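Chemist: Task: produce atomic coordinates for the following.
(2 chains)
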Amino acid sequence: DAKTTQPTSMDCAEGRAANLPCNHSTISGNEYVYWYRQIHSQGPQYIIHGLKNNETNEMASLIITEDRKSSTLILPHATLRDTAVYYCIVSPASGSRLTFGEGTQLTVNP
Amino acid sequence: DSGVTQTPKHLITATGQRVTLRCSPRSGDLSVYWYQQSLDQGLQFLIQYYNGEERAKGNILERFSAQQFPDLHSELNLSSLELGDSALYFCASSVAQGVSYEQYFGPGTRLTVT
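Modeler: Okay, the predicted model is just below:
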């Protein structure tokens, strides 16, 4: 699976958009970009995934660059409950394992 | 609530002992995954089962084994426990069909080996 690079930590003000970047320059054509988050030792929570088109769901938006070498997860109106470690994972469509890196610790401040 | 259940929530046991962790996947999900999260190793994939059969193996120790039963629930067996096995153990499930395989995680079992 392709390796991802994320900032170690980010801060965001409550009510503002949180933009979390991820680099995945070695991504292969059949690999999807997945985002998960983990709130303080709870089970990781699936957020969104995409192949090459931008995606949006009730939780977030995912913007993937045209060359697919990087992506950005956008939480449009961050709340305190969005404070978590966010993981960007590249995985083939055939599934199997998720390879978690260090992720980004997002702290939403009042 | 992801729909994935895990029991027990907490487990405290002594070195050398054996324990069994249980996972019930979301209704309709055929695939179950096990992950270990320790302070020094982060979240690591252990093993995957699909419809009763082992599909993929990660860094799972020989002292650990798993299985998936006909009703699709899964058990992770940890034996000859060592202090270093203390960790959070997560189970996840997915449909594992089509073109995307998002996984839904349970709340985890916290294992403490003393």
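Chemist: residues in chain A within reach of chain B, list them.
Modeler: A:32, A:34, A:38, A:41-46, A:49, A:87, A:91, A:93-102 (CB under 8 Å from any CB of the partner chain). Every residue, glycine included, has its C-beta placed from N, CA and C.
Chemist: Could you rerun that using 7 Å?
Modeler: By the rule CB under 7 Å from any CB of the partner chain, the part of chain A lying against chain B is A:32, A:34, A:41-46, A:49, A:93, A:95-100, A:102.
Chemist: Contacts only, for A:Arg37.
Modeler: For A:Arg37, the contacting residues are A:44-45, A:47, A:84-87, taking CB atoms under 7 Å, 6 or more residues apart in numbering or on different chains as the criterion.
Chemist: Give me the secondary structure label for the residue nearest to the spatial centre of chain B.
Modeler: A centroid search over chain B (CA atoms, centre = their mean) returns B:Trp34, at 3.1 Å, as the residue closest to the centre. Taking DSSP: H, G, I helix; E, B strand; the rest coil as the rule, one finds B:Trp34 in the strand state.
Chemist: sorry, back to before: going by distance to chain B, which of the contacts of A:Arg37 wins?
Modeler: Comparing the contacts of A:Arg37 against chain B with CB to the nearest CB places A:Pro44 closest, at 4.8 Å.
Chemist: Just the CA coordinates for stretch A:96-110, please, in CSV.
Modeler: C-alpha atoms of stretch A:96-110 as CSV (Å, rounded to 0.1, in the frame of the first residue of the first chain):
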residue,chain,number,x,y,z
SER,A,96,-7.9,-6.2,3.3
ARG,A,97,-5.8,-4.4,5.8
LEU,A,98,-5.8,-0.7,6.7
THR,A,99,-2.3,0.5,7.3
PHE,A,100,-2.5,3.3,9.9
GLY,A,101,0.2,5.8,10.2
GLU,A,102,0.6,8.4,12.9
GLY,A,103,-2.2,10.6,11.7
THR,A,104,-2.9,14.2,12.5
GLN,A,105,-4.1,15.3,15.9
LEU,A,106,-6.7,17.9,15.3
THR,A,107,-7.6,20.1,18.2
VAL,A,108,-10.7,22.2,17.9
ASN,A,109,-10.5,25.2,20.2
PRO,A,110,-13.5,27.1,21.6
